[in-house]
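Participant: Whatever this is, show me its structure:
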Amino acid sequence: MRRDRSGLPRQALAATAARVYPILADSGQSLSFLTSAAFRFYLPGYLLAAVRHYRDADLIPMIIVHSLTAPAVRESNDMRRFLRLADQFTPAQGAAILAFLNHMEEWAATGVVSSFSAEEPRIAAERFWSRHG
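Facilitator: Modelled structure (predicted):
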């Protein structure tokens, strides 16, 4: 039985993603309003929804990319909030987020997703997540 990095069987993760996707699709905008702990808990479900259900995901990929992008202004309340969210991930989780951003960049460049440009996930990666690569 194949397992992912969390030790859970991939089949169980796929089944969970299928059950959770309708909930996430209805509440995609809420990602930006979650507490740090809730963001860490729900982000994997959002990532799976964006990749597995990209045709139906509407704005979910764009919302994820936006929430994973550090503000341009380093000394700001927005940056402090972003760091509270981003610093809680392990190096392996950060690497998974970077892989997701790279995937979204490729999809945007080839037109698979159209809610954002290829530059947006690249900026997110460069501003913070590339340290996990």
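
Participant: quick one: average pLDDT of the lengthiest helix in the chain?
Facilitator: The residue-count maximum for a helix in the chain (DSSP state H) belongs to helix 91-110. Averaging pLDDT along helix 91-110 gives 95.

Participant: helix or strand right after it?
Facilitator: Where DSSP states H and E defines the elements, the next helix or strand beyond helix 91-110 is helix 119-127.

Participant: Restricting to C-alpha, output that next one in CSV.
Facilitator: C-alpha atoms of helix 119-127 as CSV (Å, rounded to 0.1, in the frame of the first residue of the first chain):
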residue,chain,number,x,y,z
GLU,A,119,4.0,35.2,-12.5
GLU,A,120,1.9,35.0,-9.3
PRO,A,121,2.9,31.6,-8.1
ARG,A,122,6.5,32.4,-9.1
ILE,A,123,6.4,35.5,-6.9
ALA,A,124,5.0,33.5,-4.0
ALA,A,125,7.8,31.0,-4.3
GLU,A,126,10.5,33.7,-4.6
ARG,A,127,9.3,35.8,-1.7
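
Participant: residues of it that come out buried?
Facilitator: Within helix 119-127, the residues that count as buried by 16 or more other Cβ atoms under 10 Å are 120, 121, 122, 123, 124, 125, 127. Every residue, glycine included, has its C-beta placed from N, CA and C.
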